[in-house]
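>>> with the input below, show me the fold.
(2 chains)
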2 protein chains.
Amino acid sequence: MRIAILSTIAWRTPPRHYGPWESVASNLTEELVARGHDVTLYATGDSVTNATLKAVCPYGYEEDSEIIPKVWESLHISNLFEEADQFDIIHNHFDFLPLTYSSMTKTPIVTTIHGFSSPGILPVYRKYDDRVYYVSISDADRAAELHYTATVHHGINIEEFHYQPHADDYLLFFGRIHPDKGVREAVEIALSCDRPLIIAGIIQDRDYYKKYIKPHLTPGRIEYVGSVGPDKRSPLLGNAAAMLHPIHFEEPFGLSVVESMACGTPVIAFNKGSMPELIDHGQNGFLVENVSEAVEAIKKLKAIRRSDCREHVKRFFTVDHMVDNYVDTYNKILSTKESNIEVN
Amino acid sequence: MRIAILSTIAWRTPPRHYGPWESVASNLTEELVARGHDVTLYATGDSVTNATLKAVCPYGYEEDSEIIPKVWESLHISNLFEEADQFDIIHNHFDFLPLTYSSMTKTPIVTTIHGFSSPGILPVYRKYDDRVYYVSISDADRAAELHYTATVHHGINIEEFHYQPHADDYLLFFGRIHPDKGVREAVEIALSCDRPLIIAGIIQDRDYYKKYIKPHLTPGRIEYVGSVGPDKRSPLLGNAAAMLHPIHFEEPFGLSVVESMACGTPVIAFNKGSMPELIDHGQNGFLVENVSEAVEAIKKLKAIRRSDCREHVKRFFTVDHMVDNYVDTYNKILSTKESNIEVN
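You can find the predicted model right below:
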C-alpha cells in the first residue's frame, strides 16, 4: 500500500524529548515500513525514518525560532497535497489545517484527531465530516457531532519498558505539574495513607507548584525529581507500588498510564476521559472518584498481580496492535471506496 | 468578466477605521461592479458591498476575539478555492497563504503583494512564482527574486478629499507615531524653521512618543491631536502648508502622501521606498535626504502650485486609474492563457 504519513513540523519526527503526536506518527511509520508498505513520511528535514522522507522545513519551529510556523506549515501541507494522487491513502496527524486542502485530491484522507485544543476548531472538522475519515484516540475523546471511522488507541514500544515483578513501597506521580493532572491530590493521597511519593514531570504551572506541592516536599516522604527522560523512566515506573493519576480533565489518552502498566505498576486514576478504556478496574488498577476512594484503593493493591498489568498492555497497547488497527482502517476505507468507484 | 476578490478576515471590508488592504480590496470591488463585471467578494460576513458577498467568518478576528484566525482563515480561503473554477480570474489581497491552495484550480490567480511583513515569507512567493501572477504596489516594493506582471499603485476616492487652495501656516505630520515614520525628525524640522507643527496619528511606540515627542509639545507650536478619522481628515490635510514625511524605512506605498496632495497640500518626504513614484520633486512636493534639506525645501514651498498637487492625484492615483490598471492586467493574463490553452 502506498501510504503518506503527514506529521507536524513543531518537533522532529520522532521527537528528541517531548512531542506526543510526532511520537505516534513515528511509531506508526516505522512499523508500516517494517511490514513492507511503501511509506512516505512528510515531516521536518532532520527527522529520522526508514520511510521515504519528504521535507520542506529543515527543523521544527519549536526548536528553531527562525521558522515562521504559518509559512512553513502551509508549504509543508501543500507539498503533500500537490502530489497526493500518487498515494493510496493519506494519514494526517497534523490537526485541522490539512483538511482545508483536501479537495486537491481524490485519495482518501484519514485524520487522527489527537485532541481538540479548543471547541473553536470544531467548525473545520464539521465542514469536512463527509469527506475525511476521522479516527479518535479514545472513545471518550469523540465529538458528538462528528462521524468517526474508528477509535485507535496509541501503542507503545513495549520493549522500552522493563517489567519489574517486585515493587518498592513508594507511590508515583508521573506527568506535567499542572492542576489538570491532580498533583495536589496525589500529595493528599500519599499523606493520608502515610506512603512515600515521588513526583516526576515538567513544571507547567509554577504558582500551583509553589503553593500546593513545594511546601510538602520532605526527603524520603514527598520528593520532586524533575522531568525524567527515557533512560530513567523504566526503573522509576517499575519500582513504584502504584502510579497515582488523579486527573481533573477529560484526558483523551494517558500514555503514562499505559507505560506504567507495561512496567507492571498498577494505576489508581480518577475516573475521567479515556481512563475506563485504559484501566480494567480491579485487574490492573482502580478507577476512583476522589481522594478518599484512592486511599481505600491503595489498601487493595496487593490483590493486583503485576504480571496482569504487563499482559494488559501487551494485549491492547503495543505499536503492533495500533498498526493492526490502522491497517484495518485503511483497508476498510479502500474497499468502501472501490465499491463506490467515485466517492465524492 | 467573472472575478473573485479575496479580501482578508482581519477587518470588515471596507474597514470601519483602520485596514489598508481591506480598503483597497473594497475600492476595487465596488468600481468593478460599477463597470458591469460579475464580482464575488470573499470577506467577513459583516462586509458591505454591491458585489455578491461570500462569507464563512461572521466578523473580523481583530474585532472579535472569539474568532481563531488559523481556523477561519483556512475556512475562508478554502471556501473560495473549492469553487474557484466558476471564475475567470481570482484576485488575492490576502497575503501568501492562498498561494498554497492554488493547485486546486486552473483559474488564473493575481496576487497583489501589499507588503512583505518579513523576509521569512518569501519562500512561499518563490515557490509559486511560476504559477501565480504577482502585482507590486510600487516598483520600489518589488523583491528582486520574484517575477511581476505589473505594478499597480493604490487609488483613492478623490471626492472624499476636498481641495483647499489656500493653506494655513502650519506643517503637518500624519501617520503612526513610530520611529519608522520619523515623527522626531518632523519636530526637528518644524523647530528649525520656527513653524507650527500638528501631529496626528495612533501612538504605536509609546516610549518613542514619551522620549522624543511629548517633551516638545507646546500649544500653538507643536501639538499632538491624536488619531484623526475620515470626517476630520480632509480639513486637517487641506489647511496644512505642507505635510512632512521624513520616513526611515522603504515604505511600499504612502496612502497619506496621496491623500495630502489630493487636498492640495505638497509633501516633503525623505527619498525612500515608493516616494519618488508618488512625488514629482519640485512640482507637488520635495524629495530630500535629511532634516536640513527638508528645512531648505520649506523655504521653496511658495513655488509649488497647490492645484498641481490635486491634478497629480487626479491623473495617477484615483480608484478609477487603479481599476483601469487592474482590468488591463486581468485582460493581459487571460489573453496569454487563451493563447496557451493549457497553461499548467
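>>> next, count neighbours for the nearest residue to A:N239 once chain neighbours are set aside.
For A:N239, the nearest residue in space outside its immediate sequence neighbours is A:D168; the separation is 4.6 Å by CB to CB, 6 or more residues apart in numbering or on different chains. For the C-beta atoms, the positions are set from N, CA and C on the backbone; glycine is no exception. Neighbour count of A:D168, defined by other CB atoms under 10 Å in any protein chain shown: 14.
>>> write out the residues of the stretch 1-150 of chain A neighbouring chain B.
For the stretch 1-150 of chain A, the contact set with chain B under CB under 8 Å from any CB of the partner chain comprises A:66, A:68, A:70-72, A:74-75, A:77-78, A:81-82, A:96-97, A:100-101, A:103-104, A:118, A:120-121, A:123-124, A:127.
>>> and the buried ones among the residues you listed, selectable in PyMOL?
The buried residues among the residues of the stretch 1-150 of chain A next to chain B can be selected in PyMOL (16 or more other CB atoms under 10 Å in any protein chain shown) with this line:
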select buried, chain A and resi 68+70+71+72+74+75+77+78+81+82+96+97+100+101+103+104+121+123+124+127
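>>> residue ranges with poor pLDDT in the stretch 201-344 of chain A?
Along the stretch 201-344 of chain A, the model assigns pLDDT under 70 to residues A:338-344.
>>> could I get the full set of helices for it?
With DSSP state H, counting those that start in this stretch as the criterion, the stretch 201-344 of chain A has helices at A:206-208, A:230-238, A:255-262, A:275-278, A:291-299, A:306-316, A:319-340.
>>> residues of the shortest one that come out buried?
Of the residues in helix A:206-208, those buried by neighbour count under the rule 16+ other CB under 10 Å are A:Y208.
>>> double-check that A:I198 belongs to a strand.
Yes: using DSSP: H, G, I helix; E, B strand; the rest coil, the assignment for A:I198 is a strand.
>>> hang on, the earlier thing: dump the helices of the stretch 201-344 of chain A into CSV; add distance to chain B as well.
Conversion of those to CSV gives the following (distance: least, CB to the nearest CB, whole Å):
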stretch, distance to chain B
helix A:206-208, 24
helix A:230-238, 32
helix A:255-262, 26
helix A:275-278, 28
helix A:291-299, 36
helix A:306-316, 34
helix A:319-340, 20
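>>> between these, which one is closest to B:A269.
When the helices of the stretch 201-344 of chain A are ranked by proximity to B:A269, the top entry is helix A:206-208, at 50.3 Å, counting by CB to CB.
>>> which residues are contacting the closest one?
By CB atoms under 8 Å, 6 or more residues apart in numbering or on different chains, the residues outside helix A:206-208 that reach it are A:177-179, A:183-184.
>>> give me the neighbour count for the residue of the stretch 151-300 of chain A found nearest chain B.
As assessed by CB to the nearest CB, chain B sits closest to A:P252 within the stretch 151-300 of chain A, at 19.2 Å. By other CB under 10 Å, 18 other residues sit near A:P252.
>>> quick one, strands of the stretch 1-150 of chain A?
Along the stretch 1-150 of chain A, counting by DSSP state E, counting those that start in this stretch, strands occupy A:2-6, A:38-42, A:52-54, A:89-92, A:109-113, A:133-136, A:148-151.
>>> from memory A:D85 sits against A:T105, does it?
Yes: taking contact to mean CB atoms under 8 Å, the distance of 5.6 Å between A:D85 and A:T105 places them in contact.
>>> which of the two has more neighbours?
Per other CB under 10 Å, whichever of A:D85 and A:T105 has more neighbours is A:T105, with 20 against 10.
>>> show me what contacts that one?
Each residue near A:T105 by CB under 8 Å, 6+ apart is listed here: A:81, A:84-85, A:90.
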